[in-house]
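Colleague: what's the 3D shape of this:
(one chain, ligands or ions: 1)
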Amino acid sequence: MKVGVPSEIKVDEYRVALTPAGVRELVDAGHEVCVQRGAGVGSAIADEQYEAQGARILPDGAAVFGEADMIVKVKEPQPTEVALLEPRHTLFTYLHLAADKGLTEGLMRCGATCIAYETVEDVRGRLPLLAPMSEVAGKIATQAGAFMLEKPLGGRGILLGGVPGVAAANVMVIGGGVVGMNAAMIAIGMQATVYVFDRNIDRLRELDNVFGGRADTCFASTLSVEERLPEMDLVIGAVLVHGAKAPHVIGRAQLSLMKRHAVLVDVSIDQGGCFETSRPTTHSDPTYEVDGVAHYCVANMPGAVPITSTYALTNATMPYVVQLANLGAARACEENPGLKMGVNVVGGKVTYEPVAQAVDVPYVPVDELLPVAAA
Ligand SMILES: NC(=O)c1ccc[n+]([C@@H]2O[C@H](COP(=O)([O-])OP(=O)(O)OC[C@H]3O[C@@H](n4cnc5c(N)ncnc54)[C@H](O)[C@@H]3O)[C@@H](O)[C@H]2O)c1
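Modeller: Numbering: from 1, shown residues only. Predicted coordinates for the structure are as follows:
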């Protein structure tokens with residue numbers, strides 16, 4: 001198979017979907033790999049490093065889409081990239097379609113087989129291709145929140161860890177999954193007072209063990225969140241309902257309960273945001289204020305640390321890329337039911353039910369389409 005790696009063109013995105021190690025695995029398995037010139041530069045990977053492992057360097061994205069059968073990316077395709085997709089393509093990347101009806105319709109029109117990293121599951125129903133970026137985003141969430149709390153940046157002017165004789169800041173993490181646990185671990189490490197809220201009691205039990213008493217775990221009822229909110233300096237939103245649009249865990253009316261110049265970090269913004277007042281922001285302009293509360297809602301947080309993120313992501317995606325290249329989408333999904341969970345759009349139909357519901361288009365089970373489309 002011909003595997004293509006275009007440069008990421010979304011604003012402030014410096015990651016790349018394949019490292020030289022990935023090129024080596026694919027070439028050794030008998031595949032051809034083409035990489036867009038400069039695709040790895042943001043992650044400190046030179047074209048020559050790809051070439052040394054057997055990749056061909058092509059001048060632009062159009063050439064990569066034109067040559068390759070499978071396109072491996074990081075972020076969802078931008079409109080100019082959707083225009084280059086054809087029914088013969090398999091697209092493997094983050095898609096986050098539940099929050100983007102326009103992109104879903106674009107991918108339906110292009111006819112390609114579109115597999116979303118974020119809905120691929122492992123044998124235990126976890127999300128192996130979301131997890132590495134969630135680890136990174138969780139750690140950044142606390143760092144960014146601590147920074148935004150500084151007065152010159154518009155925050156309350158409180159140090160997360162306090163000092164002897166002065167109390168630490170209060171941090172609430174809503175959603176104690178991979179993002180939430182990592183955010184809490186950094187907040188604990190910075191010596192803040194930390195509360196982690198989740199609706200899954202088993203998850204709260206696990207977190208209680210992991211934190212060893214250094215953070216409080218709380219059941220995330222609307223009332224319990226609301227009662228704690230007035231004490232908080234930093235609130236990190238990290239909830240996820242698999243494949244679906246994020247539920248709102250803090251509404252606009254509840255902002256009035258918060259301290260003036262407290263900070264909200266909405267990591268769930270890539271699934272539509274878990275605070276009612278959230279809207280996507282970028283690394284170059286990460287925050288805005290609503291009712292006296294700072295909002296940080298960067299949709300591609302791991303993009304800020306591309307050297308860490310590119311390797312963390314590709315360590316997880318590489319086995320799937322090799323499997324897709326070896327077997328083609330239909331057989332790879334037949335052999336790997338977790339990969340099949342990643343198939344969101346095939347031949348113009350949405351094959352992932354929560355996405356179909358969220359964007360209000362008909363749902364067609366993937367088994368009815370994939371062998372036909374990929375044959
Ligand atoms: N902005 C970014 O750059 C970025 C990067 C990585 C991940 N994310 C996003 O972060 C979010 C969290 O990802 P994750 O990997 O931690 O997911 P996860 O599945 O590991 O954890 C989500 C947690 O939310 C909990 N939850 C669900 N509904 C809840 C509710 N109403 N109240 C409280 N808790 C609730 C679940 O029980 C689960 O423990 C996702 O939307 C993901 O797409 C964003």
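Colleague: what's the burial count for Ala167?
Modeller: 9 (other Cβ atoms under 10 Å). C-beta coordinates here come from the backbone N, C-alpha and C atoms, glycine included.
Colleague: the residue nearest to it when sequence neighbours are not counted bridge partners, please.
Modeller: Excluding the flanking residues, the one nearest Ala167 by Cβ to Cβ, 6 or more residues apart in numbering is Thr193, at 7.5 Å. Taking DSSP bridges, one finds Asn170 as the beta-bridge partners of Thr193.
Colleague: what about Thr193, neighbour count?
Modeller: Neighbour tally, Thr193, other Cβ under 10 Å: 21.
Colleague: next one: Thr351
Modeller: With other Cβ under 10 Å as criterion, Thr351 counts 26.
Colleague: how much space is there between it and Val345?
Modeller: Computed with Cβ to Cβ, to the nearest Å, the distance linking Thr351 and Val345 is 7 Å.
Colleague: now do the helices in this protein.
Modeller: 20-28, 47-52, 61-67, 79-82, 101-110, 131-148, 178-189, 201-211, 222-228, 252-255, 306-335, 337-340, 353-359, 370-374 (DSSP state H).
Colleague: can I get the ones you listed in TSV including mean neighbour count and distance to Lys73?
Modeller: Compiled in TSV, the helices of the chain are given as follows (neighbours: other Cβ atoms under 10 Å; distance: least, Cβ to Cβ, whole Å):
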stretch	mean neighbour count	distance to Lys73
helix 20-28	19	13
helix 47-52	16	16
helix 61-67	19	10
helix 79-82	16	8
helix 101-110	18	12
helix 131-148	23	14
helix 178-189	24	22
helix 201-211	15	31
helix 222-228	14	36
helix 252-255	15	35
helix 306-335	20	10
helix 337-340	18	16
helix 353-359	19	18
helix 370-374	17	19
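Colleague: output those in JSON lines, with distance to Ala116 and mean pLDDT appended to each entry.
Modeller: Shown next, in JSON lines, are these (distance: least, Cβ to Cβ, whole Å; pLDDT from 0 to 100):
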{"stretch": "helix 20-28", "distance to Ala116": "19", "mean pLDDT": "98"}
{"stretch": "helix 47-52", "distance to Ala116": "25", "mean pLDDT": "98"}
{"stretch": "helix 61-67", "distance to Ala116": "18", "mean pLDDT": "98"}
{"stretch": "helix 79-82", "distance to Ala116": "14", "mean pLDDT": "98"}
{"stretch": "helix 101-110", "distance to Ala116": "10", "mean pLDDT": "97"}
{"stretch": "helix 131-148", "distance to Ala116": "13", "mean pLDDT": "97"}
{"stretch": "helix 178-189", "distance to Ala116": "17", "mean pLDDT": "98"}
{"stretch": "helix 201-211", "distance to Ala116": "23", "mean pLDDT": "97"}
{"stretch": "helix 222-228", "distance to Ala116": "29", "mean pLDDT": "97"}
{"stretch": "helix 252-255", "distance to Ala116": "30", "mean pLDDT": "97"}
{"stretch": "helix 306-335", "distance to Ala116": "12", "mean pLDDT": "97"}
{"stretch": "helix 337-340", "distance to Ala116": "11", "mean pLDDT": "96"}
{"stretch": "helix 353-359", "distance to Ala116": "8", "mean pLDDT": "95"}
{"stretch": "helix 370-374", "distance to Ala116": "14", "mean pLDDT": "60"}
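Colleague: redo these as JSON lines? Include distance to Asp12.
Modeller: Formatted as JSON lines, those follow (distance: least, Cβ to Cβ, whole Å):
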{"stretch": "helix 20-28", "distance to Asp12": "23"}
{"stretch": "helix 47-52", "distance to Asp12": "22"}
{"stretch": "helix 61-67", "distance to Asp12": "18"}
{"stretch": "helix 79-82", "distance to Asp12": "17"}
{"stretch": "helix 101-110", "distance to Asp12": "18"}
{"stretch": "helix 131-148", "distance to Asp12": "13"}
{"stretch": "helix 178-189", "distance to Asp12": "19"}
{"stretch": "helix 201-211", "distance to Asp12": "31"}
{"stretch": "helix 222-228", "distance to Asp12": "31"}
{"stretch": "helix 252-255", "distance to Asp12": "27"}
{"stretch": "helix 306-335", "distance to Asp12": "10"}
{"stretch": "helix 337-340", "distance to Asp12": "29"}
{"stretch": "helix 353-359", "distance to Asp12": "25"}
{"stretch": "helix 370-374", "distance to Asp12": "34"}
